[in-house]
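J.: any chance you can model this:
(2 chains)
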Amino acid sequence: MGPEISRRTFLRGGIAAAAGLAAGSIPGAAAAAAPQEKTQLATLLDISKCVGCEACVEACSEVNADKYPQPKKPFPKMYPARVPVEDWSEKQDVTERLTPYNWLFIQHAFVTVNGEEQEITVPRRCMHCVNPPCVKLCPWGAARQLENGISRIDSDICLGGSKCKKVCPWDIPQRQTGTGLYLDILPSFAGNGVMYKCDRCYNRIAEGEVPACIEACPEDVQTIGPRDEIIQKARALAKEMNGYIYGENENGGTNTIYVSPVPFEELNKGIETGKGKPHLKPVKDTMAQANNLTTAMVLAPVAGIAAAVGKFVKLTKNHQ
Amino acid sequence: MKARQTAVTRTQNPALRYIYLITVFFLTLTGFGQMPIFKRYYIADIPGFGWLAQFYVTHYIHYLGAILILALASYMIIDYLILQQKRIRLTASGYVRGAILIGILVSGIFLILRNLSGSRFAPEFIIFLDITHLGLVITFLIVSGYCLVRKRRWVAQR
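T.: Numbering: from 1, shown residues only, chains lettered A, B, ... in the order given. Here you go, the predicted model:
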């Protein structure tokens, strides 16, 4: 479970996916990708190892600094007046919550373990859902899911409508006003900036590297690899520590799997939640309800055709 | 002649006509509701319209509307081909509206497939689908508005 294993796992299964990602980013090259290059990569976070040193947070900021927003000021006046200006450009050093300039933070939970009061620290960022509602419900296709399971927001296309945040069960994406495509369209009447969140260092993975937060962690909290393998490891780890898993089934399954010695229900009670501070509650599959109608959608034309043919048969019989 | 055409086309099946109009209305409303505009522009603040700002609700209703319109379109096409074609014909505006509607349905079907877990559409194709779907709906509304004002029917008697 150490860094070597993490990297070996990553190199064995993940590089293939990384190559797929690289190929996918080149127009016309995606079709050449081999089947194993389309494997979803997941990360396993062993919460029992996290000491809350924030090395991952610092590494994330350092590596992703060039992706952070550079808003133009003054911001265009927006109509109607209720449209909120969300400006984090003067608060870039905030690390106790998610912001457009901080895509990973350490959440502190105060819980009782074996009768002892303990502080447990949990690295929190985007869960990278297997079927991400932020991607699927984005009306512009600005949020996209890569073949290796990373969901990321294209800051060149995003208009900052914040729908991704509203449909995200954890409210992960964070908005910065005054940047992005909306400035070139109707800045006063449509859009409000760009949404930002963890992209699991998609560019580093494309180059065969691991995400910065994994590389920087001195305690080897995180492991990355093909989702099936990560799930198996998570289950084995949970069994070993008599612990609990979060993320395997939440929202229909995510690519961020937490293993904790403390029930997540307890952890959720012990953490501060709110704006930019996601919960750890159970989450039902948000996309399932509508997707369950897909079968009816397949049957609908059949029903329509059957009704028309039935009418024809009936009229023909009456005519005879 | 024109009055007769109207009488023929309007009384084909009034129930179907109303189902079609209501379905198109809700599909359009919930379709535009996929964009975060109803809350911004106070429409969701109108009593009874709060659901327009709930994306999962509008998404679900949009799917229900899609089921209805797919069934309706299939019925109308087959009914026209095997039964009505001898009596009535599609007008030029009927062909235009039909073609746009088919475009909306096809792009919508692809978007439904996109939403399934494990779908593997290229991001560029998804953007194309989103813009095509929205663009065709706007075109359909403009053409339908024109046809309503100019009293152009879908079909005419042969």
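J.: any idea of the pLDDT on B:S117?
T.: Note on B:S117: pLDDT of 89.
J.: and for B:K2?
T.: Looking at B:K2, the pLDDT reads 49.
J.: what's the neighbour count on residue 46?
T.: As the question left the chain open, I've gone with chain A. 23 (other CB atoms under 10 Å in any protein chain shown). All C-beta spots, glycine's among them, are computed from the backbone N, C-alpha and C.
J.: hm, I was asking about chain B
T.: Neighbour tally, B:I46, other CB under 10 Å: 10.
J.: can you map out the strands along the stretch 101-250 of chain A?
T.: A:105-113, A:116-124, A:143-145, A:151-153, A:174-176, A:194-196, A:222-226, A:244-246 (DSSP state E, counting those that start in this stretch).
J.: mean neighbour count added to those strands, as CSV?
T.: Converted to CSV, the strands of the stretch 101-250 of chain A look like this (neighbours: other CB atoms under 10 Å in any protein chain shown):
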stretch, mean neighbour count
strand A:105-113, 17
strand A:116-124, 17
strand A:143-145, 26
strand A:151-153, 26
strand A:174-176, 25
strand A:194-196, 28
strand A:222-226, 24
strand A:244-246, 20
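J.: using CSV, lay out the ones you listed together with mean pLDDT and distance to A:E215.
T.: Shown next, in CSV, are the strands of the stretch 101-250 of chain A (pLDDT from 0 to 100; distance: least, CB to CB, whole Å):
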stretch, mean pLDDT, distance to A:E215
strand A:105-113, 92, 17
strand A:116-124, 94, 13
strand A:143-145, 95, 23
strand A:151-153, 96, 19
strand A:174-176, 98, 24
strand A:194-196, 98, 21
strand A:222-226, 96, 9
strand A:244-246, 98, 23
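J.: just so I know, which of those strands lies nearest B:F128?
T.: strand A:143-145 (12.9 Å; CB to CB).
J.: centre of the chain to the closest one, how far?
T.: 9 Å (CA atoms, centre = their mean, to the nearest Å).
J.: can you check stretch B:78-92 too?
T.: 20 Å.
J.: quick check: pLDDT value at residue 31.
T.: Because you didn't say which chain, this covers chain A. 30.
J.: chain B was what I was after
T.: 96.
J.: can you get me a residue count around it?
T.: With other CB under 10 Å as criterion, B:G31 counts 22.
J.: cool, A:S155 as well?
T.: By other CB under 10 Å, neighbour count at A:S155 equals 21.
J.: that one and A:Y68 touch, don't they?
T.: No. Using CB atoms under 8 Å as the test, A:S155 is too far from A:Y68 to be in contact (9.4 Å).
J.: list the residues that contact both of these two?
T.: A:Y196 (CB atoms under 8 Å, 6 or more residues apart in numbering or on different chains).
J.: domain assignment for chain A?
T.: A:3-286, A:295-320 (automatic domain parsing).
J.: make CSV out of those domains and add distance to chain B.
T.: Shown next, in CSV, are the domains of chain A (distance: least, CB to the nearest CB, whole Å):
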stretch, distance to chain B
domain A:3-286, 4
domain A:295-320, 3
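J.: nothing else from me, thank you.
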